[in-house]
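S.K.: Prediction below, plus the sequence it came from.
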Amino acid sequence: MEATESEEAHDGGHRERRRTRDQQENMEEDMDRMRAPQMEWNRQRSRQSNTEKLKHRLLAATVGEGKTSPLRTMPQERSQTIKKLVASGDLWTF
């Protein structure tokens with residue numbers, strides 16, 4: 001049984017839409033791959049910034065500058081936080 005011209009055109013339309021959709025998906029995957037290093041850099045930078053802020057707060061709490069710091073009023077939690085930072089290498093002690 002032969003396919004009519006309208007059936008072939010109909011099938012061709014489906015193929016073209018599928019090809020277009022596949023191309024769009026491939027472009028999106030490529031963009032995600034290209035963005036991944038920048039996103040990882042942003043995560044690292046944010047993590048580093050948070051660590052710097054925490055180190056500053058700990059230093060202020062231990063030196064006495066931040067008298068209202070919640071870490072100053074909770075020595076047990078401050079001690080645990082300092083131990084974690086020292087263990088991770090983010091805070092050095094002398």
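M.R.: Yep, that arrived.

S.K.: So for the helix or strand harbouring residue 86, mean pLDDT?
M.R.: Applying DSSP states H and E as the criterion places residue 86 in helix 75-88. Mean pLDDT, helix 75-88: 76.

S.K.: what about the longest helix in the chain?
M.R.: helix 5-63 (DSSP state H).

S.K.: Now the helix holding residue 86: buried residues?
M.R.: 78, 81, 82, 85 (16 or more other C-beta atoms under 10 Å). (Each C-beta comes from the backbone N, C-alpha and C, glycine too.)

S.K.: Go through those residues and say which is closest to residue 46.
M.R.: residue 85 (17.0 Å; C-beta to C-beta).

S.K.: other SSEs contacting the longest helix of the chain?
M.R.: helix 70-73, helix 75-88 (3 or more C-beta pairs under 8 Å, 6 or more residues apart in numbering; DSSP states H and E).

S.K.: could the ones you listed be laid out in a markdown table, adding distance to residue 30?
M.R.: Formatted as a markdown table, these follow (distance: least, C-beta to C-beta, whole Å):
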| stretch | distance to residue 30 |
| --- | --- |
| helix 70-73 | 46 |
| helix 75-88 | 36 |
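
S.K.: if we compare those helices, which one ends up closest to residue 43?
M.R.: Among the helices and strands packed on helix 5-63, helix 75-88 sits nearest to residue 43 (C-beta to C-beta), with 16.4 Å.
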